[in-house]
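show me how the following folds:
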Amino acid sequence: MASTLRRRVPAENKPSESYPPTDNGTDKAGGKADDTTKPLHHHRPKTRKRKTTAIFLLGSLFGIIAAGFFAKSNDLIDFPEIGELSMDSLFDVLPAGLVKDMRELVVGERAFLESYDAFSVGLQVRSEGLSAYHPIVMVPGVISTGLESWGTSNASRPYFRKRLWGSWSMMRALVLDKETWKTHIMLDKKTGLDPPGIKLRAAQGFDATDFFITGYWIWNKILENLASLGYDPINSYTAAYDWRLAYHNLETRDHYFTRLKSHIEMAVLLQNRKVVLTSHSMGSQVVFYFFHWVTSKRGGGGGADWVERHIESWINVSGCMLGALKDVSALLSGEMRDTAQLNAFAVYGLEKFLSKAERAEIFRAMPGMSSMLPIGGSAIWGDLDGAPDDQPGQEHSYGSFLNFRVWQNWTTPDRNFTVDDAMRYLLDTAEDWYRDQVTRSYSWGVAQTTAEVEANEDDPRKWINPLETRLPLAPSLKIYCFYGVGKPTERGYYYRSPEPGSPTHLNLTIDTGFTQGMVDHGVVMGEGDGTVNLMSTGYMCNRGWKIKRYNPANVKITVVEMPHEPERFNPRGGPNTADHVDILGRQNLNEFILRIAAGRGDTIQDSIVSNIREYAARAKVYEEGNDG
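Numbering: from 1, shown residues only. Purely as a prediction, here's the structure:
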């Protein structure tokens with residue numbers, strides 16, 4: 001089956017090195033609220049509704065059913081672990097409209113697999129005389145690493161060495177043995193480590209991240225192109241990790257950072273060349289944390305010059321350096337845009353699998369997910385008077401993050417919430433175990449002085465926050481920021497009380513019945529890559545690391561924004577997509593990664609097509625001694 005899925009036909013299009021400037025303006029037209037709804041705030045950014053199938057794919061925790069369509073036909077899908085659960089029987093219980101949309105999805109994905117030669121980028125770069133040079137280490141993002149069971153308790157034995165995240169074993173367990181699956185996937189609420197008798201571990205090697213589930217590639221296209229340039233398991237390495245764990249527990253339980261340090265040191269020793277680190281999404285936070293850990297006496301003890309001696313470049317792909325706003329709604333009510341925009345039948349099916357309350361509980365019992373709560377508060381995300389990324393003529397500010405309609409919600413808060421307010425509300429209303437886990441693991445503030453930044457080098461809670469800590473003291477390090485722009489991304493929400501008599505302990509739920517103007521099913525859209533907002537992917541690269549206290553060694557930062565230009569009928573967007581996950585298959589991203597690995601990163605020039613520099617200049621984070 002693998003050979004069938006990976007079959008390619010040579011493509012004619014060659015990767016390009018530059019991007020034409022595009023107009024990133026936003027249409028602000030939209031209707032006004034009538035007198036009966038009276039929203040406290042009405043946002044009107046540009047947006048468009050995605051198809052149900054696209055919503056399911058990796059945007060929602062439980063949408064991976066769609067991946068079953070990526071094979072040629074049912075007779076090519078061999079899932080012995082599913083037992084009595086066949087794809088046809090599963091389709092029988094799904095809404096007919098969803099099945100139809102998913103079948104249309106696989107037709108497009110099949111055409112893509114047969115027309116796009118994923119090796120072409122590597123072969124083109126190799127034809128220019130470039131070859132593998134620097135060892136390369138890849139750090140994947142959230143949920144893209146498979147998790148497999150190594151427990152031997154009675155409950156775990158049926159799943160021994162089977163993936164309970166990222167495979168069809170997960171589907172079987174979720175559908176036929178949900179409570180056992182939940183017991184395995186959730187960490188202990190008190191310790192943040194394995195529950196008694198349960199042992200889930202991150203899969204290792206390239207197989208851990210190349211495909212999420214049958215046919216749904218993640219890092220596979222990058223691996224194929226690296227191989228075309230001469231890379232193999234000797235000079236390239238995937239540093240997969242258990243993304244559920246808080247970062248300090250990655251070291252406590254799995255010795256993750258110790259093993260990563262040792263692998264990098266061995267690569268430098270054997271090949272006599274510094275390493276290129278490539279990270280995606282949450283993996284960029286992991287790398288930033290690692291930079292602090294590896295030099296600190298409270299971590300790896302490598303000394304202040306360790307990064308200078310071992311790391312050539314850091315390729316930061318779609319890095320959520322300042323978090324992801326959708327993390328708030330996921331942890332608050334088990335919802336996000338992906339679930340809010342589902343139709344009634346799909347919502348019914350999802351609730352039958354896992355209710356909002358169950359989803360919120362699962363997300364909270366994965367402390368690693370909370371690392372992506374938004375960083376920077378009102379300084380970055382705005383307040384009720386304004387936000388850095390507000391548009392000209394916008395009626396109300398993005399700074400109003402959680403909104404509540406008057407006369408509709410008698411038990412909800414009586415004012416709208418900023419990001420700071422929403423974070424306090426989440427922690428104040430959450431269970432003690434969750435609040436304790438999060439507050440002892442992370443920090444979301446802004447350090448205003450060099451003295452604060454230097455003091456924070458000794459506080460592991462601060463190590464994921466680039467607004468409270470600095471880049472390594474490595475003047476020859478080069479950082480490349482590659483991220484997508486031009487795809488509507490969650491920027492705010494309308495919330496309401498749950499329906500009277502609803503069997504839930506949640507205080508709030510997204511007001512999915514409110515679609516007015518440019519508010520779609522209670523979700524307010526802004527700019528980004530479809531998952532992470534532009535302020536998170538772009539602020540530090542374009543502004544934050546130009547502030548002296550955050551980059552005292554004057555590390556060079558190169559930024560390339562990649563406009564979202566998907567092929568209309570391609571479900572993964574094709575070679576010019578800039579979607580948060582699908583960007584890993586983008587042709588010129590692959591080209592840039594190969595050039596950097598081959599020692600030719602100096603040929604890559606800045607390319608900014610959004611208004612991020614204007615937004616970043618408006619953020620209330622200033623040079624020391626300058627109050628703005």
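
need the pLDDT of residue 166.
For residue 166, the model assigns a pLDDT of 84.

no wait, residue 514
87.

for residue 602, same thing?
The model reports residue 602 with a pLDDT of 96.

what of residue 94?
pLDDT, residue 94: 48.

what about the stretch 351-500 of the chain, any weak spots by pLDDT?
Along the stretch 351-500 of the chain, segments meeting pLDDT under 70 span 351-352, 406-411.

show me where it has helices.
Along the stretch 351-500 of the chain, the segments classed as helices by DSSP state H, counting those that start in this stretch run 356-364, 377-381, 419-429, 432-439, 450-456.

deepest of these, which one?
helix 377-381 (a mean of 23; mean count of other C-beta atoms under 10 Å). The C-beta positions use only the backbone N, C-alpha and C, and glycine is treated the same way.

just how off-centre is that helix within its chain?
The chain centre lies 20 Å from the centre of helix 377-381; the measure is C-alpha atoms, centre = their mean, to the nearest Å.

what is it packed up against?
Secondary-structure packing of helix 377-381 (3 or more C-beta pairs under 8 Å, 6 or more residues apart in numbering; DSSP states H and E): helix 419-429, helix 534-542.

among the ones you listed, which is nearest residue 131?
Nearest to residue 131, of all those, is helix 534-542, at 28.7 Å by C-beta to C-beta.

after the closest one, which helix or strand is next?
Next in sequence after helix 534-542, counting helices and strands by DSSP states H and E, comes strand 556-563.

list of residues touching that following strand?
19, 22, 477-486, 538, 541-542, 545-546, 551, 576, 578, 583, 586, 588-589, 592, 601, 604-610, 612 (C-beta atoms under 8 Å, 6 or more residues apart in numbering).

with adjacent residues omitted, what lies nearest to residue 302?
residue 294 (4.7 Å; C-beta to C-beta, 6 or more residues apart in numbering).

same for the helix or strand containing that neighbour, what does it pack against?
When elements are assigned from DSSP H and E, residue 294 belongs to helix 282-295. Contacts defined by 3+ C-beta pairs under 8 Å, 6+ apart place helix 282-295 against strand 136-139, helix 247-254, helix 256-271, strand 275-280, helix 306-310, strand 311-317.

need those in JSON lines with mean pLDDT and mean neighbour count, can you?
Below are the helices and strands packed on helix 282-295 laid out as JSON lines (pLDDT from 0 to 100; neighbours: other C-beta atoms under 10 Å):
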{"stretch": "strand 136-139", "mean pLDDT": "98", "mean neighbour count": "24"}
{"stretch": "helix 247-254", "mean pLDDT": "97", "mean neighbour count": "20"}
{"stretch": "helix 256-271", "mean pLDDT": "97", "mean neighbour count": "17"}
{"stretch": "strand 275-280", "mean pLDDT": "98", "mean neighbour count": "26"}
{"stretch": "helix 306-310", "mean pLDDT": "98", "mean neighbour count": "20"}
{"stretch": "strand 311-317", "mean pLDDT": "98", "mean neighbour count": "26"}
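
among the ones you listed, which is nearest residue 238?
Among the helices and strands packed on helix 282-295, strand 136-139 comes nearest to residue 238, with 4.9 Å by C-beta to C-beta.

if we can go back for a sec, taking the mean pLDDT, what do you get for the helix holding residue 294?
98.

can you show me the helices along the stretch 501-628 of the chain?
Assigned by DSSP H, counting those that start in this stretch, the helices in the stretch 501-628 of the chain fall at 534-542, 587-597, 612-618.

buried deepest among those helices, which one?
helix 534-542 (a mean of 28).

chain center to that one, what's the gap?
14 Å.

the inter-axis angle of that helix versus strand 311-317?
Relative orientation of helix 534-542 versus strand 311-317 (axes from the mean of the first three to the mean of the last three C-alpha atoms, to 10 degrees): 160 degrees.
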